[in-house]
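Student: 3D model of this:
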Amino acid sequence: PIRIISTVTTPCHQRNPVNQQDTTVPPFTMLSLSSSMRSCARAAPALLLRRVVAPTSTITPAASSTSSFSTNTNTTAPAIKKKNVLNRMYDEYSIPQQQNRIAMAERLFRFAQMRADDPRWYGPGRVGRDFRPRHAMLTMHLWFLQKRLISEQTKDNHSALLVQEELFDIFWDDTQKRIREQGVAELTVNKHLNDVQQYTFQHLVHYDHAFSEFELQPKARFEELCGVFWVHVLNRDEDHVCSDQVQRMAYYVDTQYNNIVNRLPEPYWAEGRMAWVDLPDFSKLRDNQGKIMPDVPVNEEDVLPNGWYKALSTAGEAYYWNPNDTKSQWERPTKA
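Tutor: Below you'll find the model as predicted:
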């Protein structure tokens, strides 16, 4: 099919249906679990699963009535839309439908990208600032949206699969740009992309395992999520990891999953209007001996003036643009 590049001109205003952070998204031009992944969380050191002190966080566990975070919130399953061959061909090849799904996939990806690029992760949150931790944060937030798409397949299987395919096409295209930004030789870009795809799929499958295997076991799921974060985001770094940090992130993943998959109203989702729950409060983190650690400030390199965003060209070169003023430039903008 011909790929139609659609420009979304209407800002996507986020709502606040479930005590979420009110933000605005600017306009923008699975698998089976392997046996090795089942033991992935068990490889985490015991310190990650030991509670040093109750996390001081703005995120609290959901009420007991929703503690299982089951994706099946209705007592009766919705009727599945069965489309004939002509309807499926229209969905896949018609220009209006292509425009709609490209716009939807772009909104979903930018929504995840903006949250993954929040400078608080890489300052107070103590997540590494190099390629792999940043990619893992983006993967994590895309997984939330992918799970919502899968839940939508019960209503329109074919359309959901097409949007999911478009979403991952955008994801891999962005990954190629970020790989080139690292300065690797052009002939090795595809090899690096294959390597990134392998550990990305392992990351996604590990989340699937945590929420499917322990859907009705909140404590076991929490421990599994601690292992997921330590393995895929912190890269098994035993020297710079504290269990308090990992536990707060596990609470965040559990709560964010419930927010996006179970509690986000269908009308907002259909229009691409979403809001994340707040980031964990990373202040007063305690080390593994129970001592309060000094707070880490936000890195100035991750902060841009209000309204400006960083983007990458196909060659991996960074440029900056302001959707409000419709300006773009190669030079990093400075605060007025």
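Student: could you list every residue that touches residue 311?
Tutor: The contact partners of residue 311, taken as C-beta atoms under 8 Å, 6 or more residues apart in numbering, are 318-321. (Glycine included, C-beta is placed from N, CA and C.)
Student: Most neighbours among those residues, which one?
Tutor: Highest neighbour count within those, by other C-beta atoms under 10 Å: residue 321, with 19 neighbours.
Student: which stretches of this protein form strands?
Tutor: 12-13, 24-25, 309-312, 318-322, 327-329 (DSSP state E).
Student: can you redo the ones you listed as CSV with mean pLDDT?
Tutor: Below are those laid out as CSV (pLDDT from 0 to 100):
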stretch, mean pLDDT
strand 12-13, 35
strand 24-25, 38
strand 309-312, 93
strand 318-322, 94
strand 327-329, 93
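Student: In a markdown table: those, plus distance to residue 102.
Tutor: Listed next are the strands of the chain as a markdown table, based on distance: least, C-beta to C-beta, whole Å:
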| stretch | distance to residue 102 |
| --- | --- |
| strand 12-13 | 15 |
| strand 24-25 | 16 |
| strand 309-312 | 17 |
| strand 318-322 | 19 |
| strand 327-329 | 21 |
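Student: pLDDT score for the spatially most central residue of the chain?
Tutor: For the chain, residue 141 is the residue whose C-alpha lies nearest the centre (C-alpha atoms, centre = their mean; 0.9 Å). With respect to pLDDT, residue 141 scores 97.
Student: I'd assumed residue 112 was in contact with it.
Tutor: Yes. The criterion here is C-beta atoms under 8 Å, and residue 141 meets it with residue 112 at 3.9 Å.
Student: re earlier: look up how far residue 279 lies from the residue nearest to the centre of the chain.
Tutor: 12 Å (C-beta to C-beta, to the nearest Å).
Student: Quick check: neighbours shared by those two?
Tutor: Residues touching both residue 141 and residue 279 (C-beta under 8 Å, 6+ apart): none.
Student: excluding its backbone neighbours, what's nearest residue 335?
Tutor: residue 305 (4.9 Å; C-beta to C-beta, 6 or more residues apart in numbering).
Student: Phi first, then psi, for that neighbour.
Tutor: Note on residue 305: its backbone torsions stand at phi -60, psi 150 [degrees, to the nearest 10].
Student: residue at max distance from the center of this protein?
Tutor: residue 86 (34.2 Å).
Student: that older thread, could you check how far the residue nearest to the centre of the chain is from residue 334?
Tutor: Residue 141 is 29 Å from residue 334, by C-beta to C-beta.
Student: go on, residue 282?
Tutor: 28 Å.
Student: With neighbour numbers in mind, choose between these two.
Tutor: Taking neighbours as other C-beta under 10 Å, residue 282 and residue 334 compare with residue 282 leading, 23 against 8.
Student: Excluding chain neighbours, give the residue nearest to the more buried one in space.
Tutor: Closest to residue 282 by C-beta to C-beta, 6+ apart is residue 124, at 3.9 Å.
Student: likewise residue 121?
Tutor: Nearest one to residue 121, counting by C-beta to C-beta, 6+ apart, is residue 127 at 4.7 Å.
Student: do residue 142 as well
Tutor: residue 112 (4.8 Å).
Student: Counting neighbours, what do you get for the residue nearest to residue 121?
Tutor: The burial count for residue 127: 21, using other C-beta under 10 Å.
Student: Tell me if I'm right that it and residue 137 touch.
Tutor: Yes. Between residue 127 and residue 137 there is a contact under C-beta under 8 Å: 6.5 Å.
Student: Identify the contacts common to these two.
Tutor: With C-beta under 8 Å, 6+ apart as the test, residue 127 and residue 137 both reach 121, 233.
Student: avg pLDDT for stretch 174-181?
Tutor: 97.
Student: Likewise for stretch 244-251?
Tutor: Mean predicted confidence for stretch 244-251 is 95.
Student: sorry, back to before: measure the residue nearest to the centre of the chain to residue 283 for me?
Tutor: 22 Å.
Student: likewise residue 236?
Tutor: Distance from residue 236 to residue 283, by C-beta to C-beta: 26 Å.
Student: got the residue ranges for the helices in the chain?
Tutor: 35-38, 85-93, 95-116, 119-122, 131-181, 189-213, 218-228, 243-257, 266-270 (DSSP state H).
Student: Might you list the low-confidence residue ranges for the stretch 101-250 of the chain?
Tutor: Low-confidence segments of the stretch 101-250 of the chain (pLDDT under 70): 152-156.
Student: if we go to 50?
Tutor: Counting by pLDDT under 50, the stretch 101-250 of the chain contains no low-confidence segment.
Student: Isn't residue 158 up against residue 83?
Tutor: Yes. Contact criterion C-beta under 8 Å: residue 158 and residue 83 qualify, at 5.6 Å.
Student: between these two, what contacts are shared?
Tutor: Common neighbours of residue 158 and residue 83 (C-beta under 8 Å, 6+ apart) are residue 91.
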